[in-house]
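Trainee: Sequence and predicted structure are below.
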Amino acid sequence: MTRRLGIDFGAKRTGLSISDPAGTMAFPLATLPTGENLEPLLEAIVRIATEYEVGELIVGLPLNMDGTEGRQARRTRSFGAALAKRSGLKVAFWDERLSSRAADELLSGADLTRKKKRARIDRIAAQILLQGYLDSLSNPAP
């Protein structure tokens, strides 16, 4: 099996999650600054993918609630294309609608300061989107 890296690409921060080697469970990994210049982010993700022997990158696609793609979805697709070119790995996009909201709800019961919560929310969102992708592989839609 191969590990997969989940990526919640955001305007300010990018959350990362990693699957277990069997590809059944996702775990939060890191939060990286996005920045205006994407080169440092691309470099960091490729380094992490190499370190964890990742075989596929799963990038959350922020679709509108009606399923259409807006400006951020187009920016995310462009980022995914640059990441595929830089890493040489397959990049799959996964509908991430409401993953940040789900992550926020998960952390709402935790006794965290706003700053600590903000630092964790992106990697939790990445975990949620990657887990959804992994679950779809074991339970494909009819």
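Mentor: On my side now, so go ahead.
Trainee: Can you name the secondary structure element that comes next after the lowest-mean-pLDDT helix or strand in the chain?
Mentor: Scoring the helices and strands of the chain by mean pLDDT, DSSP states H and E places helix 99-108 at the bottom, with a mean of 57. Next helix or strand after helix 99-108 toward the C-terminus (DSSP states H and E): helix 114-138.
Trainee: Quick check: buried residues in that following helix?
Mentor: For helix 114-138, a neighbour-count test (16 or more other CB atoms under 10 Å) marks 117, 120-134 as buried. Where you see a C-beta, it was placed from the backbone N, CA and C, and this is true even at glycine.
Trainee: tell me which of those is nearest to Leu61?
Mentor: Among these, Leu129 lies closest to Leu61 (CB to CB), at 8.9 Å.
Trainee: these two touch, right, that closest one and Gly6?
Mentor: Yes - in this structure, Leu129 is within contact of Gly6 by CB atoms under 8 Å, at 5.5 Å.
Trainee: which residues are in contact with both of those two?
Mentor: Here Leu129 and Gly6 have 17, 58, 60, 94 as joint contacts, going by CB atoms under 8 Å, 6 or more residues apart in numbering.
Trainee: Going by neighbour count, which of the residues you listed comes out on top?
Mentor: Highest neighbour count within these: Gly60, with 30 neighbours (other CB atoms under 10 Å).
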